[in-house]
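[1] Below: sequence and its predicted model.
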Amino acid sequence: MVTLRVIDTKRDLVRAPAVALDGVAISYGGDGTPVYEAVAPVRLEVGENEFLAIVGPTGCGKSTLLNAAAGLIRPAAGTVSVFGQPLAGINGKAGYLFQQDALMPWKTARDNVAVALEVAGRPRAEALEKANALLARVGLASFGDRYPHQLSGGQRKRVGLAQVLIRNPKILLMDEPFGPLDAQTRHIMGTLLLDLWAQDRKAVMFVTHDLEEAIALADRVVIMSAGPRARIIGDHRIDLPRPRDVAEIRMEPRFHALHRVIWNELREEVMKAYGALG
Amino acid sequence: MTRIPRTRLLALQALVAVAALLVWHVGATVPIGGTYLLPKFFFSTPLDVIARVWKMFATGMIWKHLGITLTETILAFVIGSVAGIVFGFWFARKPLVAAVCDPYLKMANALPRVVLAPIFMLWLGLGIWSKVALGVTLVFFIVFFNVYQGVREVSPTVLANARMLGMNDRQLFRYVYWPSALSWMFSSLHTSVGFALVGAVVGEYLGSAAGLGYLIHQAEGVFDVTGVFAGMAVLAAFVLVIDWLVTIVERRLLVWRPQPAIV
């Protein structure tokens, strides 16, 4: 599989990565309470147009790392850069899809999506029009008037996706977004995500504990060790051809080969994490 | 539980009322073994009470009292709510203020508010404002605690999401904190409106020149049991109407909420 890259001559030939974590370490506590070092200094880069999945056992600090890239938490050490610029405050170039319900329950699906543009100072009419278009793109054209509690878990995730995409961010951060969904819905959502992603290939950081999901979706899978002091212990390029069907790609022999290699690395860490839990 | 047809339910509910009135009527008018079970002097009779209520409305004298009580209720509710919202937000956003004031708030809330009525009367006179003040002390705490809770209980995920969507502090207030606090406040709307009314009526009862509480107190003072019961009947109907209005407002405001299982 050969990928063609268009080189933008106006910029440097070597482009800065979309997100670069350089020696980023994260710890909690201090001020009297014992310090918990969640993530040891980590170096990780996500290229422009790259779909990166981060896999690791539960509680290893994957989400923490993502929150650092989002600017929601400050790392204890190291720097986060976004397209070469050091990050201060919230990462405005990134959209974040959360694991838990993040929609405003008092707003309809349409208003939830539109508000993302309204806060940027765009007129309401324009925001609503774009919100309708995006709801249609995630297959919820006729659900605009529903409130979040009137939607299924999968539908709420779609609204969340529309809400993130309406601002057209250059980077997508996803924290086990399909975690709470059932297996079929996860496949459908995965395929939908790849379809949307293929249109403009944003940089993606996709956190999951599900290795199969990671391999099916990503260009590159990074393995994190069990916490505390979680590290990156593996980095694998996924050379499966695109476009992919998330459900069917799991039957491919190449998928199995990749899965075997990565799982061998991951297994030990998963066991460690379970051992730590008792 | 199987569902009871609506007409049957209504019939059964009416039956309870009829039975109760019948027992009351018979007890007050038919001597059993030479004695009245419910002597007229202490219990009046249902027909007398109905006639008195009718007279109250026919002469129109009740409207003035209803109007006064309603005014006091609304004023107590509005002033108590505004104060509760302001202080609720302030305390929720400033943990130091909340921590410092916490014991005093608990103390003030623990105090049975009725004991304040004489003080308010002393300060504000026998007019409506002493009753409003009493209602405000009741409403304030309900709204305050709900708004405080509403601001503090905003889902951290919703908040993080809103920040990632690029909201600044003002927008976070408008789109996240404010609706969350209001939804908590609205969920206690029945209680706070009810307490505003309690404040008004109790205040009137303890000293005033008009209002439903005054009517009942006056009747009591001259052993006019019919008048007391008539006043109570009007008060009960008044509360039901207000409660019904609150339910309509609530349905409108909380349309985004899942409907509770029991309607």
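    Cool, got the structure.
[2] going forward, measure contacts and count neighbours with C-alpha atoms only.
    Will do.
[3] Sketch out the helices for the stretch 1-150 of chain A, chain order is fine.
    Along the stretch 1-150 of chain A, the stretches classed as helices by DSSP state H, counting those that start in this stretch are A:62-70, A:109-118, A:124-137.
[4] actually the stretch 101-250 of chain B, not the one I typed
    Here the stretch 101-250 of chain B has its helices, by DSSP H, counting those that start in this stretch, at B:117-124, B:128-152, B:156-164, B:169-172, B:178-187, B:189-206, B:212-221, B:225-253.
[5] Make CSV from those and add distance to chain A, mean pLDDT and mean neighbour count to it.
    Formatted as CSV, the helices of the stretch 101-250 of chain B follow (distance: least, Cα to the nearest Cα, whole Å; pLDDT from 0 to 100; neighbours: other Cα atoms under 10 Å in any protein chain shown):
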stretch, distance to chain A, mean pLDDT, mean neighbour count
helix B:117-124, 39, 92, 16
helix B:128-152, 13, 93, 25
helix B:156-164, 4, 94, 19
helix B:169-172, 7, 92, 13
helix B:178-187, 7, 86, 20
helix B:189-206, 17, 92, 24
helix B:212-221, 39, 93, 20
helix B:225-253, 10, 91, 17
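[6] Not counting residues beside it along the chain, what's closest to whichever residue of chain A sits closest to chain B?
    With Cα to the nearest Cα as the measure, residue A:102 is the residue of chain A nearest to chain B, at 4.3 Å. Spatial nearest neighbour of residue A:102, excluding adjacent residues (Cα to Cα, 6 or more residues apart in numbering or on different chains): residue B:158 at 4.3 Å.
[7] follow-up on the earlier one: share the number of residues neighbouring the residue of chain A closest to chain B, please.
    Residue A:102: 23 surrounding residues under other Cα atoms under 10 Å in any protein chain shown.
[8] before we move on, what about residue A:270?
    That count, for residue A:270 with other Cα under 10 Å as the rule, works out to 20.
[9] residue contacts, it?
    A:56, A:57, A:58, A:226 (Cα atoms under 8 Å, 6 or more residues apart in numbering or on different chains).
[10] swap the cut-off to 6 Å and go again
    residue A:57 (Cα atoms under 6 Å, 6 or more residues apart in numbering or on different chains).
[11] can you check residue A:16 too?
    Residue A:16 touches A:83, A:84, counting by Cα under 6 Å, 6+ apart.
[12] Read off the pLDDT value for it.
    For residue A:16, the model assigns a pLDDT of 86.
[13] would you list the helices of the stretch 1-150 of chain A in CSV and tack on mean pLDDT?
    Below are the helices of the stretch 1-150 of chain A laid out as CSV (pLDDT from 0 to 100):
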stretch, mean pLDDT
helix A:62-70, 91
helix A:109-118, 95
helix A:124-137, 94
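[14] Save these as a markdown table, and put in mean neighbour count and distance to chain B too.
    A markdown table is the format used below for the helices of the stretch 1-150 of chain A (neighbours: other Cα atoms under 10 Å in any protein chain shown; distance: least, Cα to the nearest Cα, whole Å):
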| stretch | mean neighbour count | distance to chain B |
| --- | --- | --- |
| helix A:62-70 | 23 | 8 |
| helix A:109-118 | 25 | 6 |
| helix A:124-137 | 18 | 14 |
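[15] Just send those back as a markdown table, with distance to residue B:30 too.
    Compiled in a markdown table, these are given as follows (distance: least, Cα to Cα, whole Å):
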| stretch | distance to residue B:30 |
| --- | --- |
| helix A:62-70 | 79 |
| helix A:109-118 | 66 |
| helix A:124-137 | 72 |
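[16] So for residue A:96, which of those sits nearest?
    Among these, the nearest to residue A:96 by Cα to Cα is helix A:62-70 (7.4 Å).
[17] Show residues contacting the closest one.
    So helix A:62-70 is contacted by A:73, A:91 (Cα under 6 Å, 6+ apart).
[18] Please save the CA atoms from that helix in CSV.
    C-alpha atoms of helix A:62-70 as CSV (Å, rounded to 0.1, in the frame of the first residue of the first chain):
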residue,chain,number,x,y,z
LYS,A,62,-3.9,6.5,28.6
SER,A,63,-6.7,9.0,29.2
THR,A,64,-4.4,11.1,31.3
LEU,A,65,-2.1,11.4,28.4
LEU,A,66,-4.9,12.4,26.1
ASN,A,67,-6.1,15.0,28.6
ALA,A,68,-2.6,16.5,28.6
ALA,A,69,-2.7,16.7,24.8
ALA,A,70,-6.1,18.4,25.1
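[19] what residue is smack in the middle of the chain?
    I'll assume chain A. For chain A, the residue nearest the mean C-alpha position is residue A:174 (2.3 Å; Cα atoms, centre = their mean).
[20] if you could check chain B rather than the one you did, that'd help
    residue B:194 (0.9 Å).
[21] Could you pull up the residues touching residue B:63?
    Taking Cα under 6 Å, 6+ apart, we find residue B:63 in contact with no residue.
[22] where does it land on pLDDT?
    94.
[23] Run through the residues that contact residue 73.
    With no chain named, the answer covers chain A. For residue A:73, the contacting residues are residue A:67, by Cα under 6 Å, 6+ apart.
[24] Switch to chain B, please.
    By Cα under 6 Å, 6+ apart, residue B:73 lies in contact with B:196, B:197, B:200.
[25] again with residue A:172
    Taking Cα under 6 Å, 6+ apart, we find residue A:172 in contact with A:94, A:95, A:204.
[26] Rebuild the residues you listed as a markdown table, extending it with distance to chain B.
    Putting those into a markdown table (distance: Cα to the nearest Cα, whole Å) gives the following:
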| residue | distance to chain B |
| --- | --- |
| A:94 | 8 |
| A:95 | 7 |
| A:204 | 15 |
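[27] Quick one: neighbours of residue A:165, just the number.
    The number of residues packed near residue A:165 is 22, by other Cα under 10 Å.
[28] could you give the angle of the longest helix seen in chain B to helix B:212-221?
    Secondary structure of chain B per DSSP state H: the longest helix is helix B:61-93. Relative orientation of helix B:61-93 versus helix B:212-221 (axes from the mean of the first three to the mean of the last three Cα atoms, to 10 degrees): 130 degrees.
[29] Just want the angle from helix B:61-93 to helix B:225-253.
    40 degrees.
[30] in helix B:61-93, what's buried?
    By 16 or more other Cα atoms under 10 Å in any protein chain shown, the buried positions in helix B:61-93 come out as B:62, B:65-66, B:68-85, B:87-92.
[31] Identify the residue spatially nearest to residue A:35, adjacent ones excluded.
    residue A:29 (4.6 Å).
[32] What about the one you found, how many residues nearby?
    For residue A:29, using other Cα under 10 Å, the count is 10.
[33] Which secondary structure element of chain A has the lowest mean pLDDT?
    One helix or strand of chain A scores below all others by mean pLDDT, DSSP states H and E: helix A:253-277, with a mean of 85.
[34] dump the residue contacts of the residue sitting furthest away from the middle of chain A.
    For chain A, the largest distance from the centre (Cα atoms, centre = their mean) belongs to residue A:32, which lies 33.8 Å off. Shown in contact with residue A:32 (Cα under 6 Å, 6+ apart): no residues.
[35] distance of it from residue A:76?
    Separation of residue A:32 from residue A:76 (Cα to Cα, to the nearest Å): 16 Å.
[36] repeat for residue B:140
    Residue B:140 is 43 Å from residue A:76, where distance means Cα to Cα.
[37] hang on, the earlier thing: so which of the helices of the stretch 1-150 of chain A gets nearest residue B:150?
    Counting by Cα to Cα, residue B:150 lies closest to helix A:109-118 out of the helices of the stretch 1-150 of chain A; the figure is 19.7 Å.
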